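A.B. asks: Need a 3D model of the following:
(one chain, ligands or ions: 1)
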Amino acid sequence: MSVRVPFARMNGIGNEIIVADMRGRADRISAAAAIAINVDPATRFDQIMAIHDPRTPGTDAYVEILNSDGSHAQACGNGTRCVVQALSAETGRKTFTFETVAGLLNAREHEDGLISVDLGKPRFGWQDIPLAEEFRDTRMIELQIGPIDAPVLHSPSVASMGNPHAIFWVDRDVWSYELDRFGPLLENHPLFPERANITIAQVTARDAMTIRTWERGAGLTLACGSAACAAAVSAARTNRTGRSVTVTAPSGGKLAIEWRDDDHVIMTGPAEWEFSGTLDPATGAWQRDVEGAA
Ligand SMILES: N[C@H](CCC[C@H](N)C(=O)O)C(=O)O
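C.D. replies: Predicted structure coming up:
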């Protein structure tokens, strides 16, 4: 087994993703490797998508997702589009079924290059998020931050897209809130035993919203696909929007989110390749491919 594996540094509307090819190997990318890769400004990332051999007949790959702090995530919408683009470029195929720790994901690359991922059915039970205590109605839970009599953020909706999300609805521009200050406190709030991705969302039309996300295990990111899905279903559940919305990320990039009648959430958007190299899954040592050498 060679020491180094091929990787592609990519992004999904600004969400920084490393797609690592771990097929044909039994080892995994270590937390230490993830942390080391993230320390280097050239390979700083939000998630690593590690493509492993399939474990279940009928699936194309098992995908493991690591955050930049070395922790594992159950879902990553933007990263999944990057995996699709990488495998489509390699094989010419357009449809894929992936397995993750959270279950199966179907995805498709369209003629125009945009990629749709079926993130499955959202879950709203308090144990599904999970929350540390019972809330019967997760469209709005009791949680606030800021002065007790004038909270800055309060009463979020919560949802699981495989991973935990809290969505705080705001009236003002999403940039006018100090998410860098409140994000870490909310991510690690005792109400979230597995921590949570923290999003602020401003609904701007029945079919549009703008979000910013403090990601669990990665901090502020330029985009978060599963948060866009969680915000879209939560907006529809609270009658702020219909079931089909365009979500604008901090990067300015947009995702089309549709909560279908069969309860599945479909996210559509682009993916972009930046550069390729090889990395050591144990240590995170890496090297950029020499242009034109392949
Ligand atoms: N950027 C990802 C989400 C990563 C979620 C991760 N931070 C977690 O721990 O759940 C996305 O596009 O869906």
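A.B. asks: what residue lies at the spatial centre of the chain?
C.D. replies: Relative to the mean C-alpha position of the chain, the nearest C-alpha, by Cα atoms, centre = their mean, is the one of Cys76, at 3.1 Å.
A.B. asks: residues in contact with that residue?
C.D. replies: For Cys76, the set of contacting residues under the criterion of Cβ atoms under 8 Å, 6 or more residues apart in numbering consists of Asn15, Ile17, Gln47, Met49, Ile65, Asn163, Gly225, Ser226. Quick note: C-beta positions are derived from backbone N, CA and C, even for glycine.
A.B. asks: Ala218 - how many residues pack around it?
C.D. replies: When neighbours are counted by other Cβ atoms under 10 Å, Ala218 registers 24.
A.B. asks: same check, this time on Ser30
C.D. replies: The burial metric for Ser30, expressed as a neighbour count using other Cβ under 10 Å, is 16.
A.B. asks: Return the per-residue confidence for it.
C.D. replies: At Ser30, the model reports a pLDDT of 98.
A.B. asks: Which residues of the stretch 101-250 of the chain lie near the ligand?
C.D. replies: Proximity of the stretch 101-250 of the chain to the ligand (Cβ under 6 Å from any ligand atom) is limited to residues Asn163, Asn197, Glu215, Arg216, Gly217, Ala218, Thr221, Cys224, Gly225, Ser226.
A.B. asks: quick one, strands of the stretch 1-150 of the chain?
C.D. replies: Applying DSSP state E, counting those that start in this stretch to the stretch 1-150 of the chain gives strands spanning 5-12, 15-21, 47-52, 61-67, 72-73, 95-100, 103-109, 115-118, 144-145.
A.B. asks: Name the strands paired with the helix or strand following the last one and say parallel or antiparallel.
C.D. replies: Stepping forward along the backbone from strand 144-145, the first helix or strand reached (DSSP states H and E) is strand 153-154. Take DSSP bridges as the rule and strand 153-154 pairs in its sheet with strand 144-145 (antiparallel).
A.B. asks: Show residues contacting the strand it pairs with.
C.D. replies: With Cβ under 8 Å, 6+ apart as the test, strand 144-145 has contacts from Pro151, Val152, Leu153, His154, Ser155, Phe182, Leu185, Leu186.
A.B. asks: next one: stretch 276-285
C.D. replies: Under the contact criterion Cβ under 8 Å, 6+ apart, stretch 276-285 has outside partners 3-9, 18, 20, 22, 25, 27-30, 32-37, 50, 286-289, 294.
A.B. asks: ditto for stretch 18-36
C.D. replies: The contact list for stretch 18-36, computed with Cβ under 8 Å, 6+ apart, reads 1, 5-10, 37, 43, 45, 47-53, 61, 64, 66-71, 79, 82-83, 86, 279-285.
A.B. asks: biggest helix in the chain by residues?
C.D. replies: Longest helix in the chain, counting residues (DSSP state H): helix 77-91.
A.B. asks: so that helix versus strand 47-52, what angle?
C.D. replies: Comparing the axes of helix 77-91 and strand 47-52 via axes from the mean of the first three to the mean of the last three Cα atoms, to 10 degrees yields an angle of 40 degrees.
A.B. asks: Kindly export helix 77-91 (C-alpha atoms) in CSV.
C.D. replies: The C-alpha coordinates for helix 77-91 follow below in CSV (Å, rounded to 0.1, in the frame of the first residue of the first chain):
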residue,chain,number,x,y,z
GLY,A,77,-23.9,18.8,0.9
ASN,A,78,-21.2,20.9,-0.8
GLY,A,79,-18.6,18.2,-0.4
THR,A,80,-20.9,15.6,-2.0
ARG,A,81,-21.2,17.7,-5.1
CYS,A,82,-17.4,17.9,-5.3
VAL,A,83,-17.2,14.1,-5.0
VAL,A,84,-19.7,13.7,-7.9
GLN,A,85,-17.7,16.1,-10.1
ALA,A,86,-14.4,14.3,-9.4
LEU,A,87,-15.9,10.8,-10.1
SER,A,88,-17.7,12.1,-13.1
ALA,A,89,-14.5,13.5,-14.5
GLU,A,90,-12.8,10.2,-13.9
THR,A,91,-15.5,7.8,-15.2
